[in-house]
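Participant: Predicted model follows, preceded by the sequence.
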Amino acid sequence: MLRGSFDLPVLFDLGATFAFALTGALAAIKRNYDIVGVFALALVSGIGGGLIRDGLFIQDGLTPLLTNPHYIEVILAAAVIGIAFGERVRRFHRLIAVVDALGLGAYAAFGVQKSLQAGLAVPAAVLVGVVNAVGGGVLRDLLVRDEPLVFKPGQFYLLTALAGAVTFVFCSAYLELSANRAAVAAVALTFVFRVLTIAFNWRTAPVSSGVIFTQDDPPATGKN
């Protein structure tokens, strides 16, 4: 089904892991957690989605997220920087948002590819791709006993990852593009979609409201 395969650039993969881990560390600091809590939230935010992908869905040997020491090293670095600089790190929220937007599409596409290569059906592969992209945030919210943000009305987040996963499948299976080109298309669409979502504050709405989507003027904090 796939023509070739694509690998995430090492620097991008580690950079995205660092950015995701940093958001987890800052969330822990905001809740006055100790160093153990800061590292734990950094860990699940950084590689939680990949751990679910490899440990729960695919189960194909040891995950490189744990056999490659660089992932734990960048997570430790994110925790230390979060503790050392605290609020000053939040000044780079726009840069983190850009990395997050790029990471959504990249990890969604990578999760789909790895699932298809493991023999999963297309719908299941799309599901795993989405979990790969947003699973770390869900685990973080569960650990701090918050309702996962992706379940609440808010700016398109999980839906953006879903768009990336579906785009990768469509481009590779139906347009017969190579895996690399399909991944580029998925990342590009996801990035543009996410940026537009933030810029125009497109949001999901509660089902009880009778509408599906809405657009509000105030900035939204939820993700969906």
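Facilitator: Nice, thanks for sending it over.
Participant: Mind checking the pLDDT average for stretch 107-122?
Facilitator: In this model, stretch 107-122 carries a mean pLDDT of 94.
Participant: can you pull out the helices in the protein?
Facilitator: 10-30, 35-52, 64-67, 69-85, 93-117, 122-143, 158-169, 179-200 (DSSP state H).
Participant: got JSON lines for these, with distance to F151 and mean neighbour count too?
Facilitator: C-beta here means a position set from N, CA and C on the backbone, and glycine is covered the same way. Supplementary listing: the helices of the chain in JSON lines, determined by distance: least, C-beta to C-beta, whole Å; neighbours: other C-beta atoms under 10 Å:
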{"stretch": "helix 10-30", "distance to F151": "17", "mean neighbour count": "21"}
{"stretch": "helix 35-52", "distance to F151": "16", "mean neighbour count": "23"}
{"stretch": "helix 64-67", "distance to F151": "25", "mean neighbour count": "14"}
{"stretch": "helix 69-85", "distance to F151": "25", "mean neighbour count": "18"}
{"stretch": "helix 93-117", "distance to F151": "17", "mean neighbour count": "23"}
{"stretch": "helix 122-143", "distance to F151": "9", "mean neighbour count": "22"}
{"stretch": "helix 158-169", "distance to F151": "9", "mean neighbour count": "25"}
{"stretch": "helix 179-200", "distance to F151": "17", "mean neighbour count": "19"}
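Participant: and I58, which of these is closest to it?
Facilitator: Nearest to I58, of all the helices of the chain, is helix 93-117, at 6.4 Å by C-beta to C-beta.
Participant: by contact count, what packs against that closest one?
Facilitator: helix 10-30, helix 35-52, helix 122-143, helix 158-169, helix 179-200 (3 or more C-beta pairs under 8 Å, 6 or more residues apart in numbering; DSSP states H and E).
Participant: That helix to helix 122-143, inter-axis angle?
Facilitator: Inter-element angle recorded for helix 93-117 and helix 122-143: 140 degrees (by axes from the mean of the first three to the mean of the last three C-alpha atoms, to 10 degrees).
Participant: Off-centre distance for helix 93-117?
Facilitator: Distance of helix 93-117 from the chain centroid (C-alpha atoms, centre = their mean, to the nearest Å) equals 6 Å.
Participant: thinking again about what came up before, mind putting the helices and strands packed on helix 93-117 in JSON lines, distance to A79 included?
Facilitator: Converted to JSON lines, these look like this (distance: least, C-beta to C-beta, whole Å):
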{"stretch": "helix 10-30", "distance to A79": "5"}
{"stretch": "helix 35-52", "distance to A79": "4"}
{"stretch": "helix 122-143", "distance to A79": "13"}
{"stretch": "helix 158-169", "distance to A79": "25"}
{"stretch": "helix 179-200", "distance to A79": "26"}
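Participant: nearest to L116, of these?
Facilitator: Among the helices and strands packed on helix 93-117, the nearest to L116 by C-beta to C-beta is helix 122-143 (4.9 Å).
Participant: what's the angle between the closest one and helix 10-30?
Facilitator: 30 degrees.
Participant: one step back: would you reformat the helices of the chain as CSV and include distance to K152?
Facilitator: As requested, these are exported to CSV (distance: least, C-beta to C-beta, whole Å):
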stretch, distance to K152
helix 10-30, 16
helix 35-52, 18
helix 64-67, 28
helix 69-85, 24
helix 93-117, 18
helix 122-143, 10
helix 158-169, 11
helix 179-200, 15
